[in-house]
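**Q** Using only what follows, build the 3D model:
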Amino acid sequence: MKINFHPHWVGFFPAFFGITFLALLGGCVPSREAMAYKELPLHNRVQSSAYGALAIVEAISYEKTIGELIAIDAERVYILQGNAALAVAGQPRTLKRIKRSEIAQMDLIFARNPDGIQAIATLSYITLPSHLLYAFLTVPFNLLWIKSTTAYDRGAFRLKNISAEEAKKFARFPQGLPAGMAFEELKKAL
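**A** You can find the predicted model right below:
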């Protein structure tokens, strides 16, 4: 028995898969947290880093602020938003003040793992179509491995729901704003 494909279907499959691939690729935009994560020091260089930890602050009003933890004083938390890559592209870095009483939750990420673990997990995504007939066995294990390694990669140096007092030691200026420096001066200096 011979199966004849209608000429209209021959062009449909490449177009369908091409459009699907482009749609999936378009969804691969990194989040602000992921972009800022790349600026963190490697786990073996945390002690010698001059920069603060990556702070993820959720206010009582559900506003989320992500950036470098600059300082914490008796009333406020100071966070530098944006990253160097965006600053070069013309989007300025901004220093934000948040009242300590308005913070619902603060998480910190103070270091990152080498990029090798993430690269291996990403390569595993690319190899998924090559599983062919054994996909029903191998793909679930492969996806489980990918998710667990990327979760470990992001969660290894994360402190969840940390208080402002505990977070001070992870700031760029752990003792608070430099003596005699006003907020506006610090804003210009950063």
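**Q** So residue 82 sits against residue 95, correct?
**A** No. If you go by CB atoms under 8 Å, residue 82 and residue 95 don't touch, sitting 9.7 Å apart. No exception for glycine: its C-beta is placed from N, CA and C like everyone else's.
**Q** Report the secondary structure state of residue 180.
**A** coil (DSSP: H, G, I helix; E, B strand; the rest coil).
**Q** burial of it, as a residue count?
**A** Neighbour count for residue 180, taken as other CB atoms under 10 Å: 6.
**Q** Please report phi then psi for it.
**A** Backbone geometry at residue 180, expressed as degrees, to the nearest 10, gives phi 80, psi 0.
**Q** Against residue 80, how distant is it?
**A** Residue 180 sits 20 Å away from residue 80, going by CB to CB, to the nearest Å.
**Q** just the helices in the protein please.
**A** 7-26, 32-37, 84-88, 116-127, 135-155, 164-167, 183-189 (DSSP state H).
**Q** comparing these, which gets the lowest mean pLDDT score?
**A** Of all these, mean pLDDT reaches its minimum on helix 84-88 (a mean of 53).
**Q** Starting from residue 133, give me the distance back to residue 142.
**A** For residue 142, the distance to residue 133 - CB to CB - is 15 Å.
**Q** More neighbours: those two, which one.
**A** Ranked by neighbour count (other CB under 10 Å), residue 142 and residue 133 place residue 142 first, with 17 against 7.
**Q** count of neighbours near residue 189?
**A** Residue 189, neighbours per other CB under 10 Å, totals 9.
**Q** scratch that, residue 111 is what I was asking about
**A** By the criterion of other CB under 10 Å, residue 111 has 18 neighbours.
**Q** same thing with the one 3 residues further on?
**A** When neighbours are counted by other CB under 10 Å, residue 114 registers 11.
**Q** Which residue comes closest to it once chain neighbours are left out?
**A** residue 42 (6.4 Å; CB to CB, 6 or more residues apart in numbering).
**Q** Just to check, that neighbour is in contact with residue 157?
**A** No. Under the criterion of CB under 8 Å, residue 42 makes no contact with residue 157, lying 10.0 Å away.
**Q** who has more neighbours, those two?
**A** Taking other CB under 10 Å, residue 42 and residue 157 do not tie; residue 157 has more neighbours (19 against 12).
**Q** residue contacts, that one?
**A** Applying CB atoms under 8 Å, 6 or more residues apart in numbering to residue 157 gives the contacts 40, 43, 46, 109-113.
**Q** try it again with 10 Å
**A** Neighbour list for residue 157: 37, 40-41, 43, 46, 53-54, 108-113 [criterion: CB atoms under 10 Å, 6 or more residues apart in numbering].
**Q** and for residue 42 and residue 157, which residues touch both?
**A** Residues touching both residue 42 and residue 157 (CB under 10 Å, 6+ apart): 111-113.
**Q** Quick one: those as TSV, columns for pLDDT and distance to residue 162 too.
**A** Shown next, in TSV, are those (pLDDT from 0 to 100; distance: CB to CB, whole Å):
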residue	pLDDT	distance to residue 162
111	81	15
112	76	18
113	72	20
